[in-house]
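S.K.: sequence and predicted structure below; questions after.
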Amino acid sequence: MLTLTELLDSSPVLPYIRESDFAVRLPWFMHERRLLDYLLIYIQEGTLRVTEEGVATDYQAGEFCLLQPGTLHTLEGLTHTITPFAHLDFFYHSQRKESFPTKAGQTDLTAYLHLLQPRINDLSGLRIPSRFKPRDPFRFKDTMLRMVECWNRHDPLNRLEAQSCATELIIMLLQDHAERSLNTATSDTSLKWMTAYLHMHLAESITIEEMASRANLSPSRFRTVFKQQFGQPPHQYLLQLRLRHACELLLQTKYPLHTIAEYCGFADLHHFSKIFRKHIGDAPGAYRKARQQAIIFL
């Protein structure tokens, strides 16, 4: 069973709103179907009956419903209803434009499995009930209504804002229902992202405590997990990244040595020269001169 982190490595959260509207209707009925994407509904007025896998639930005004991909369901407006909704992908899919909101009677999705979105409830440590209660219902409602409104304006900037609102809604959902389980499962979390994080902060003084906090681990546990995944302690790995970057700058730029020392996170030129000579075998200036001469003679 995948964790959220493992899923995000291949399918990052990148909402794609396929269809969205405010849906003002007299009593109505949608025959059973299964979804390829997510269906998010806010019951603004009236009573909506949602039957999932044969179990019926009546939703009243002010409640939210999330139907996940593959769920067999019917929808029925028992009264006059106003139900803002959105059919959307939560996770990036290269063929997202080929997917579609399924129609009544489409219960066999065998031919469309390549378009099926990953289900949040199939991830380890995660479960969002169909009838979910946001921790901050007013913020969630306002963000959702703004999303629907912007998506229906059809111009690029409003569509971009709608996508931003959708991202915020997904983050709220995950924070509300997965925060505890994700934090208790971080010892099994991949640290593949750490290399990119360290590259972004090479010029800064980074402590073990800061790295561990970023990974939601204790410092001692972080050291253990890091060494298991990278084969060496965090600061040794960070030092290698700094030295590698320093070598690149020495060969590919004309920056003075003190600037390179600063860009690579060394305290000063003396510290940079000392560490560089110890690990590379030459002083930075000699390294640059020797490599440049070698290139000239090639």
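M.R.: Looks like it came in fine.

S.K.: skipping its backbone neighbours, what lies nearest Leu40 in space?
M.R.: Leaving out its chain neighbours, the residue that sits closest to Leu40 by C-beta to C-beta, 6 or more residues apart in numbering is Ala86, at 5.0 Å. (C-beta placed from N, C-alpha, C; glycine too.)

S.K.: no, scratch that, I was asking about Asp268
M.R.: Among residues not flanking Asp268 along the chain, Ala261 sits closest, at 6.5 Å (C-beta to C-beta, 6+ apart).

S.K.: now the host helix or strand of that neighbour - C-alpha only, CSV.
M.R.: Per DSSP states H and E: Ala261 is located in helix 257-263. Backbone C-alpha positions of helix 257-263 (Å, rounded to 0.1, in the frame of the first residue of the first chain) are rendered in CSV as follows:
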residue,chain,number,x,y,z
LEU,A,257,37.3,32.9,-4.2
HIS,A,258,35.6,34.8,-1.3
THR,A,259,32.3,34.9,-3.4
ILE,A,260,32.5,31.2,-4.1
ALA,A,261,33.1,30.5,-0.4
GLU,A,262,30.0,32.6,0.4
TYR,A,263,27.8,30.9,-2.2
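
S.K.: list the buried residues for that helix?
M.R.: Using 16 or more other C-beta atoms under 10 Å as the test for burial, helix 257-263 gives 257, 260-263.

S.K.: where does pLDDT dip in this protein?
M.R.: Of all residues in the chain, those with pLDDT under 70 make up the ranges 179-189, 294-298.

S.K.: that one: strands as residue ranges?
M.R.: Along the chain, counting by DSSP state E, strands occupy 13-21, 24-25, 28-33, 38-42, 48-52, 55-59, 64-67, 73-77, 81-82, 85-91.

S.K.: switch these over to TSV; also include distance to Leu157 and mean neighbour count.
M.R.: Formatted as TSV, the entries for the strands of the chain read as follows, by distance: least, C-beta to C-beta, whole Å; neighbours: other C-beta atoms under 10 Å:
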stretch	distance to Leu157	mean neighbour count
strand 13-21	15	18
strand 24-25	26	14
strand 28-33	32	14
strand 38-42	22	24
strand 48-52	32	19
strand 55-59	33	14
strand 64-67	27	20
strand 73-77	32	20
strand 81-82	26	19
strand 85-91	18	23
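
S.K.: looking at those, which is closest to Ala196?
M.R.: With C-beta to C-beta, the closest approach to Ala196 among the strands of the chain belongs to strand 13-21: 17.0 Å.

S.K.: please name every helix or strand in contact with that closest one.
M.R.: Judged by 3 or more C-beta pairs under 8 Å, 6 or more residues apart in numbering; DSSP states H and E, the packing partners of strand 13-21 are strand 85-91, helix 137-151, helix 156-184.

S.K.: how far off centre is that strand?
M.R.: The chain centroid and the centroid of strand 13-21 are separated by 15 Å under C-alpha atoms, centre = their mean, to the nearest Å.

S.K.: hang on, the earlier thing: which among the strands of the chain is found nearest to Gly105?
M.R.: Closest approach to Gly105 among those (C-beta to C-beta): strand 28-33, 5.9 Å.

S.K.: between strand 48-52 and the closest one, find me the angle.
M.R.: Calculated by axes from the mean of the first three to the mean of the last three C-alpha atoms, to 10 degrees, strand 28-33 forms an angle of 10 degrees with strand 48-52.

S.K.: what does strand 28-33 contact?
M.R.: Residues outside strand 28-33 that contact it (C-beta atoms under 8 Å, 6 or more residues apart in numbering) are 51, 72-77, 81, 102-107.

S.K.: list the neighbouring strands of that strand plus their orientation.
M.R.: Using DSSP bridges, the strands paired with strand 28-33 are strand 73-77 (antiparallel).

S.K.: quick one: the strand it pairs with to strand 85-91, angle?
M.R.: Calculated by the same axes, to 10 degrees, strand 73-77 forms an angle of 150 degrees with strand 85-91.

S.K.: now strand 73-77 against strand 55-59, angle please.
M.R.: Computed by the same axes, to 10 degrees, the angle between strand 73-77 and strand 55-59 is 30 degrees.

S.K.: before we move on, the earlier item: give the contact list for the residue nearest to Leu40.
M.R.: Contacts were defined as C-beta under 8 Å, 6+ apart; by that measure Ala86 touches 17-20, 39-40, 144, 147-148, 151, 166.

S.K.: any chance of the residues you listed in JSON lines, plus distance to Ala203?
M.R.: Converted to JSON lines, the contacts of Ala86 look like this (distance: C-beta to C-beta, whole Å):
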{"residue": "Ile17", "distance to Ala203": "39"}
{"residue": "Arg18", "distance to Ala203": "43"}
{"residue": "Glu19", "distance to Ala203": "46"}
{"residue": "Ser20", "distance to Ala203": "43"}
{"residue": "Leu39", "distance to Ala203": "46"}
{"residue": "Leu40", "distance to Ala203": "42"}
{"residue": "Met144", "distance to Ala203": "40"}
{"residue": "Met147", "distance to Ala203": "38"}
{"residue": "Val148", "distance to Ala203": "43"}
{"residue": "Trp151", "distance to Ala203": "41"}
{"residue": "Ala166", "distance to Ala203": "35"}
